[in-house]
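> let me see the structure of the following:
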Amino acid sequence: MLRQMESPKQKESRAEYLARWEAVEVFKAHELAAMTDERARQIIRSLGAPEGWRERPDWSGLVEQQAIFHKKRP
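Model prediction:
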């Protein structure tokens, strides 16, 4: 309904925005396709997750979350 009420300028702006968005998505897809495993590891390490952050390394994240929420119950 709102798009029917758009002015020609608004329609043009929307089309330009969508074209730019599509270009960014294509660029990101190419960048990801070209990424090596080593580069992915570097990026993950740079995110700053501290070593040994898991309470129990043999648990999955879901099990840890369940344990945390279970502890907080009255």
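
> show me the shaky parts of this structure.
Across the chain, residues meeting the criterion (pLDDT under 70) sit at 1-3, 49-57, 59, 72-74.

> mind checking which helix or strand the spatially most central residue of the chain is in?
For the chain, K28 is the residue whose C-alpha lies nearest the centre (CA atoms, centre = their mean; 12.0 Å). If you go by DSSP states H and E, K28 is part of helix 8-34.

> buried set for the very next helix or strand once past that helix?
Downstream of helix 8-34, the first helix or strand assigned by DSSP H and E is helix 37-46. Residues of helix 37-46 include none that count as buried (16 or more other CB atoms under 10 Å). For glycine as for every other residue, the C-beta is placed from the backbone atoms N, C-alpha and C.

> how much space between I44 and M35?
In this view, I44 and M35 are 11 Å apart by CB to CB, to the nearest Å.

> ditto for E16
Computed as CB to CB, the E16 to M35 distance reads 29 Å.

> likewise for R41?
Distance from R41 to M35, by CB to CB: 10 Å.

> same question for E64.
29 Å.

> now swap in F27 and tell me
Taking CB to CB as the measure, F27 falls 13 Å from M35.

> identify the contacts common to those two.
Residues touching both F27 and M35 do not exist when contact is defined as CB atoms under 8 Å, 6 or more residues apart in numbering.

> burial measure for E64, as a count.
Neighbours of E64 under the rule other CB atoms under 10 Å: 14.
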